[in-house]
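Asker: Quick one, fold the following:
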Amino acid sequence: MNKTVSINLGGFFFHIDEDAYQKLNRYFDAIRQSLTPDGRDEIMGDIESRIAELLSEKLKNEKQVVSLREVEDIIAVMGQPEDYRIDDEKNAENTGAKSSSNFNYNYNYGYTKTRKFFRDTDNGMVGGVCAGLGHYFGIDPLWIRIIAILSLFLSFGTSLLIYLLLMVLIPKAITTSEKLEMTGEPINISNIEKKVKEEFSNLSDKINSVDYDKLGNNVKNGAEKVGTGISKLVLGIFKVFAKIIGAIITVFSALILGGLLITLILMLFSSTMVSPSWYPYVLSYNYTNVPMSILCLIGFFSIGIPLFVLFLLGLKILVDNLKPIGNLTRLTLLALWLISLAAAIYLILLQSSQFGVEGKMVNKQEINLKEGDVLEIKFKNNEFFSKSLRRDYSDFKIQQDSFGNGVMYSNRIHFQVLKTDEAKPYVQIEKVAEGASISDARKSAENIKYNFKIEGNTLTLDNYLIMGIVGANAKYHAQRVEIFLYLPEETLFKPDGSLKDYDDTDNEFFDLWFDGEDYIYKMGNTKVDCLNCIEMAEAMDIPEPPEPNMSDAEIEAMDRELEAQEKEIEAKSREFELKMKRKAKKDQEKILQKLDEATKE
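Answerer: Numbers count the residues shown, from 1 in each chain. The predicted structure is shown next:
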């Protein structure tokens, strides 16, 4: 039965049997002999800490004794000292193949490449959180810093609290083992010794490069040193901001340039390939004689060249040693941009002048109504386009007619009811368009095709107007049709439901609330009156339907009450209609009486 020994290894206490202790002790002696005096103690401390961590992971509880098998497993993970001699470069070259083979075996046996999150205060700017995240995710810490600064504005300061919490909660990498874990390197003798020697080398370089006279002066001028450090910190922050701005400028300008280039290609080749559905709409807004391909080139150069300059500026901010473009290229781009800009300004002024003047064509036609007739008014649609009677508020649309032609049409129809002092009612159709001059506007108005029909006491109006055939120089000139229906006093009319979407009459004069076959309106002295419409107050008094949890008896009682109220409303409506007829008759008698008196005089 082997004796057990209690040892302190890397700050941890272990119970280890005598054979395992002797093997571990020989292992440490071999490592110590293989190391050079520089950094030997620190390397040994890191190796002991790493072995203590591995032993703690293998033991199930504190009372378990470390056996020879556990020690051999640990040595297999850490490697043999003779495999990692780096103080003798010549010997390392002769045994490189053997060392590499042993390293690969040990690496695969006891290590998987994982990283732990530590704060890297050696390479960090403020706390080392961003540098640690860069090591953890395997990316440049600069991008982590850029994301952190952007999130500072986007999260309204919340990310700053998260950063401070990470500074408090996340430990910084102090020991060599922690620094190796932070970068994801295997913690074995080779890497520990290499890391320590690198730190000693860096420290030695810093010490050798120190100007002691200058150091003495800096110590005497401590305030100046602090100010310099603060200025460097501020300068570093500004550099990060500059990189962010450069990235935004580059991405923004590149995306817009790409979109402009795609649009240019589509417009240039639209005449030789199948045109996209939106191409006829673009042609309808082109009032110049310049081909679309030339217009697109002018627009591309006038907008694209400044974007290209912005793109180069963003790249210059991101890449310090970016080679500038030559003077000939600069002058060529400048001249091309100035020419394109001048042409674009001229074309914009030419386009905007097309809506400066309004012209119209007026068509007036009387409506012969017999005494007692009620004028019926309705709109009708077209079976090929404008299939719905509802108004479409877009400028225009393009559809095929019965002959297969692309037709520009619009629902910009405006209807109004007005009073006239003439004896007969009449309808006035005004075709309106805009243009650069009165003659141009009038010509565009003449080209509007609009139909209406009067048959007996029925006025039928189209709910659309035709601007022209696509490809036959049909252009959009804010074309519309305004319909004015003039009615003498006492004229009765019945509007169809299709009139609602197109009625632009002042609601104080004519409020088309009720429509249909049963509602009759009359032109009054100051406004239009409805002869048989339900009063709004009465309509609002109709009770709401019963709740679903009512009993059958309550629902039947409510239904009877509703039927009684409906009958009462119908009776009041008939009574109101009779009153209006009596009033109209009395008014007529008064007028006849006044005419008789005037005749006698």
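
Asker: Now for this protein, the helix or strand with the poorest mean pLDDT.
Answerer: helix 96-110 (a mean of 39; mean pLDDT, DSSP states H and E).

Asker: Quick one: name whatever helix or strand follows that helix.
Answerer: helix 129-137 (DSSP states H and E).

Asker: domain ranges for the protein?
Answerer: Per automatic domain parsing, the structural domains of the chain span 4-110, 251-354, 357-531, 540-600.

Asker: Could you save those domains as CSV and add columns showing mean neighbour count?
Answerer: C-beta here means a position set from N, CA and C on the backbone, and glycine is covered the same way. What follows is the domains of the chain, written out as CSV (neighbours: other C-beta atoms under 10 Å):
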stretch, mean neighbour count
domain 4-110, 16
domain 251-354, 14
domain 357-531, 17
domain 540-600, 11
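
Asker: Looking at those domains, which is nearest to Leu150?
Answerer: domain 251-354 (12.7 Å; C-beta to C-beta).

Asker: gap between the two ends of that closest one?
Answerer: Its start and end residues considered, domain 251-354 measures 37 Å (C-alpha to C-alpha, to the nearest Å).

Asker: Reduced to three states, what does Ile377 come out as?
Answerer: Assigned with DSSP: H, G, I helix; E, B strand; the rest coil, Ile377 falls in the strand class.

Asker: pLDDT at it, what is it?
Answerer: Per-residue pLDDT puts Ile377 at 92.

Asker: if I pick it, what's in contact with it?
Answerer: Ile377 is in contact with 459, 461, 485, 493-496, 499, counting by C-beta atoms under 8 Å, 6 or more residues apart in numbering.

Asker: Likewise for Ala474?
Answerer: 284, 408, 447, 467-468.

Asker: give me that answer again for 7 Å
Answerer: Shown in contact with Ala474 (C-beta atoms under 7 Å, 6 or more residues apart in numbering): 284, 408, 467-468.

Asker: Could you single out the nearest of those residues to Ala131?
Answerer: Distances from Ala131 to those, taken by C-beta to C-beta, are shortest for Ser284, at 59.5 Å.

Asker: quick one: the strands in the stretch 301-450 of the chain?
Answerer: 357-366, 375-380, 397-400, 406-410, 413-419, 426-435 (DSSP state E, counting those that start in this stretch).

Asker: Which of those strands sits closest to Leu9?
Answerer: strand 397-400 (85.5 Å).

Asker: Which strands or helices does the closest one pack on?
Answerer: strand 406-410 (3 or more C-beta pairs under 7 Å, 6 or more residues apart in numbering; DSSP states H and E).

Asker: who does the strand it packs on pair up with?
Answerer: strand 397-400 (antiparallel), strand 465-469 (antiparallel) (DSSP bridges).

Asker: Make a markdown table from those and add mean pLDDT and distance to Gln593 to it.
Answerer: A markdown table is the format used below for these (pLDDT from 0 to 100; distance: least, C-beta to C-beta, whole Å):
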| stretch | mean pLDDT | distance to Gln593 |
| --- | --- | --- |
| strand 397-400 | 78 | 58 |
| strand 465-469 | 85 | 49 |
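
Asker: I'd like to know which of the ones you listed lies nearest to Gly127.
Answerer: strand 397-400 (62.0 Å).

Asker: Just the CA atoms of the closest one, as CSV, please.
Answerer: This file holds the C-alpha atoms of strand 397-400, laid out as CSV (Å, rounded to 0.1, in the frame of the first residue of the first chain):
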residue,chain,number,x,y,z
LYS,A,397,-53.1,54.4,-65.6
ILE,A,398,-52.3,52.5,-68.7
GLN,A,399,-54.6,49.6,-70.0
GLN,A,400,-55.3,48.0,-73.3
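
Asker: Then Leu485 would be within a helix, right?
Answerer: No: Leu485: not assigned to a helix; according to three-state DSSP it is strand.

Asker: pretty sure it is in contact with Val417, am I right?
Answerer: Yes: the pair Leu485 / Val417 is scored as a contact, 5.2 Å apart, by C-beta atoms under 7 Å.

Asker: Inside strands: which ones of the contacts of Ile377?
Answerer: Among the contacts of Ile377, DSSP state E puts 459, 461, 485, 493-495 in strands.

Asker: Which strands and helices lie in contact with the top helix by length along the chain?
Answerer: Longest among the helix segments of the chain by residue count, using DSSP state H, is helix 552-600. Packed against helix 552-600, as judged by 3+ C-beta pairs under 7 Å, 6+ apart, are no other helices or strands.
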